[in-house]
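Colleague: Just a sequence and a predicted model for now, questions to come.
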Amino acid sequence: MSCSTEHIITNILRNPKRTVSVSTRQAKQLHAHIVKTKGTFHDDNILVLSLYSNLNLLHHSLHLFNSLPSPPPPLAWSSLIKCYTSHSLLHLSFSSFKSMRSLSVPANQHVFPSLLKASTLLKHHKLAHSLHASVVRLGLDSDLYISNALINMYAKFCNFSVAANAGNVFDVIPHREKFEIDSVGKIFDMMPVRDVVSWNTVIAGYAQNGMYVEALNMVRKMGNNGNLKPDSFTLSSILPVFAEYVDVYRGKEIHGYALRHGFDGDVFIGSSLVDMYAKCNRLEHSIEVFRLLPRKDAISWNSIIAGCVQNGEFDRGLGFFRRMLKENVRPMHVSFSSVIPACAHLTAMSLGKQLHGCITRLGFDDNEFIASSLVDMYAKCGNIKMARYVFDRIGKRDTVSWTAIIMGCAMHGHALDAVSLFENMLEDGIRPCYVAFMAVLTACSHAGLVDEGWRYFNTMEREFGIAPGLEHYAAVADLLGRAGRLEEAYDFISNMGVQATGSVWSTLLAACRAHKSVELAEKVVDKLLLIDPENMGAYVLMSNIYSAARRWKDAARLRIHMRKKGLKKIPACSWIEVGKEVHTFMAGDKSHPYYDKINEALNVLLEQMEKEGYVLDTNEVLHDVDEDHKRDMLHNHSERLAIAFGIISTTAGTTIRIIKNIRVCADCHTAIKFISKIVGREIVVRDNSRFHHFKNGSCSCGDYW
DNA sequence: ATAGGGTTAG
């Protein structure tokens, strides 16, 4: 026998708890030795089996288990079952247990924790309850390990936060969740002895169920009543609470504690620190913590990717995702649902499609988080058909996936689809949430569905207990304003339940412009500038309203005032992706290398457009200049330059996609309808709030925008 | 011998 083998065996025998740690190599060495000497010690094989099981060596454990004389003793069973459970072979854990019972081997306390864990992972309530009953029947319910496993099981089952948030204020918490979260506290309270695992389990249970106050209380009690110090498990469970509360000071305190106690290399603490700093808008701290992590696993990468994207740093988020792949870390579901929104915000459809390809290859298509982010991405990139395709294939739809498609339809002017999807959601028994109502109200306002919009607005509080927020009031104000019910909209905003913001008044001001009401516009602009004196949009809109009413002097007065205040108008701008490059155009911009060709194309188009009946609408020119000059200005609007460039530089028949930073003017809207027919192309224009699909002479918005 | 922690979508 080699010296080290002898040492191990002596150690194990001397240590009744057998907590010696051995390497895989040492365990195999020991096994070989026992086989060779045909068993020097009593129960040698079972000893090795427990070592193998501790090392999670399933094949070795199983092999050894099968070589034991029948029936194997309880110890062998619990080792094997533990191994199955930690390999997620949960059904094998239970079938082994059944075999064990059928061989009349008594169940002792050591076998239950693994079985409880297996039923937790399976979310098998019935099995869990029968195991709990057996534990009580056998008088094992005061066992430390079993109680810890039970607390964890009930905490994982109850999903208390989801239950509490799903219902409205008039609802009570569903019975099952109430029972389960109560069980957590009861079992913990009744334990004769508690160790650090008991405290950590109950703290994590409360934290994961959104019971933050209770979780923090338990951390305090753990030190006072329990005389135990928080360890790395405690810290990684409690950090998400400070992320949720956006409490960077307490979060930093935990970070300091982790550093002082040497926990800073822990991957679990690392990823919750990255997340905590990101949620507290301290992205640079997140990046620094991430950089200093000695070992990074997939979840650490997920945290930093999500952190960047949630802070609007889309390119950095994509950069971390690429680095993750480059370092051969396999992306998880979460990696994709974190990074896809970056493509949505950047309107990067080709990248989004590539990621969708990876998702399909990895078999992640049925993940609801990923699917919702894909629906949103396709919709925001202008491809509503693909958004619908993905949505139709979601197996389990929740309020988020429904909202994504409803908002997508709203953005694309398919208001009737949006409304019927909303009704389908209700029929499916999915309770609409705050954001879902924002989506359906937006759909109504974009299509002028005033009555439907009102109805939804009134039902949200009465039937669903959701108090309308600023976004809902804004949508209704927009709905009334666009429909020309300007005075009603004014009264509505003046009397709504929350303080109006500048942007709510801005939408009404835009409506005043569309419906040419100078008097109300003046009242609105006073309100707006009272709230937001620096709002240059207000000046620009009001000056345009004056110009449209040919009150040139008033318009000029406002422009001078703007200049004095140092406020500058954001220039209108459109862009188009051709090949891999983004081409940007400003109104009247002649700097593009192909400007001459673009101009030539525009002139040819204009000739054909006029033959088809296009008449210039100079009302949209808001300067007091002669008609020729007006004509010139309109023909050089940024979207026309971008579209002309798209026509001459892409394959005939393909869809042209343009993005614009402000609303399309009425003349351009008419012109693009003609152009789509003449060149036989679908032209998709996204402005700052929605999409227009021009096809064969008409637009999806039905000329209501 | 058996128990506990971090990340995601509209």
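Modeller: Received the coordinates, thanks.

Colleague: Find the nearest non-adjacent residue to A:Gly481, please.
Modeller: A:Ala511 (3.0 Å; C-beta to C-beta, 6 or more residues apart in numbering). C-beta: built from backbone N, CA, C; applies to glycine.

Colleague: neighbours of the one you found, just the number please.
Modeller: With neighbours defined by other C-beta atoms under 10 Å, the count for A:Ala511 comes to 25.

Colleague: Touching, it and A:Glu487? I think so.
Modeller: No. Counting by C-beta atoms under 8 Å, A:Ala511 stays clear of A:Glu487, with 11.2 Å between them.

Colleague: does stretch A:195-212 come close to DNA strand B?
Modeller: Yes. Stretch A:195-212 lies within reach of DNA strand B by C-beta under 7 Å from any atom of the strand, at A:195-198, A:200-201, A:204, A:207-208.

Colleague: list the contacts for the closest residue to A:Arg393 other than its chain neighbours?
Modeller: Among residues not flanking A:Arg393 along the chain, A:Asp365 sits closest, at 7.2 Å (C-beta to C-beta, 6+ apart). When contacts are counted by C-beta atoms under 8 Å, 6 or more residues apart in numbering, A:Asp365 touches A:359, A:371, A:393.

Colleague: Apply 10 Å and report the result again.
Modeller: A:356, A:359, A:371, A:374, A:390, A:393-395 (C-beta atoms under 10 Å, 6 or more residues apart in numbering).

Colleague: From A:Phe336, how far off is A:Asn200?
Modeller: For A:Asn200, the distance to A:Phe336 (C-beta to C-beta, to the nearest Å) stands at 31 Å.

Colleague: Counting neighbours, go ahead and name the busier of these two.
Modeller: Higher neighbour count among A:Asn200 and A:Phe336: A:Asn200, with 26 against 23, using other C-beta under 10 Å.

Colleague: Would you mind confirming that the more buried one makes contact with A:Lys229?
Modeller: No. Between A:Asn200 and A:Lys229 there is no contact under C-beta atoms under 10 Å: 11.5 Å.

Colleague: circling back to that earlier point, most neighbours out of the contacts of A:Asp365, which is it?
Modeller: Top of these by neighbour count (other C-beta under 10 Å): A:Leu374, with 30 neighbours.

Colleague: State the pLDDT value of that residue.
Modeller: In this model, A:Leu374 is scored at 98, pLDDT.

Colleague: wouldn't A:Phe391 be in contact with A:Tyr378 here?
Modeller: Yes. Counting by C-beta under 10 Å, A:Phe391 does reach A:Tyr378; the two are 9.1 Å apart.

Colleague: Now the common contact residues for those two.
Modeller: Common neighbours of A:Phe391 and A:Tyr378 (C-beta under 10 Å, 6+ apart) are A:404-405, A:408.

Colleague: Among these, which ones lie close to DNA strand B?
Modeller: Among these, proximity to DNA strand B is found for A:Ala404 (C-beta under 7 Å from any atom of the strand).

Colleague: Output the shared contacts of A:Phe391 and A:Tyr378 in a markdown table, with pLDDT, neighbour count and secondary structure appended to each entry.
Modeller: Shown next, in a markdown table, are those (pLDDT from 0 to 100; neighbours: other C-beta atoms under 10 Å; DSSP: H, G, I helix; E, B strand; the rest coil):
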| residue | pLDDT | neighbour count | secondary structure |
| --- | --- | --- | --- |
| A:Ala404 | 98 | 29 | helix |
| A:Ile405 | 98 | 30 | helix |
| A:Gly408 | 98 | 28 | helix |
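
Colleague: between the shared contacts of A:Phe391 and A:Tyr378, which is nearest DNA strand B?
Modeller: A:Ala404 (4.3 Å; C-beta to the nearest atom of the strand).

Colleague: Now do the contacts for that closest one.
Modeller: Applying C-beta under 10 Å, 6+ apart to A:Ala404 gives the contacts A:344, A:371-380, A:387, A:390-391, A:394, A:397, A:435-436, A:439.

Colleague: Helices - which of these land there?
Modeller: A:344, A:371-380, A:387, A:390-391, A:435-436, A:439 (DSSP state H).

Colleague: now, which of those residues lie close to DNA strand B?
Modeller: A:344, A:372-373, A:376, A:435-436.

Colleague: So which bits of the stretch 401-550 of chain A are right by DNA strand B?
Modeller: Residues of the stretch 401-550 of chain A lying near DNA strand B (C-beta under 7 Å from any atom of the strand): A:401, A:403-404, A:407, A:433-436.
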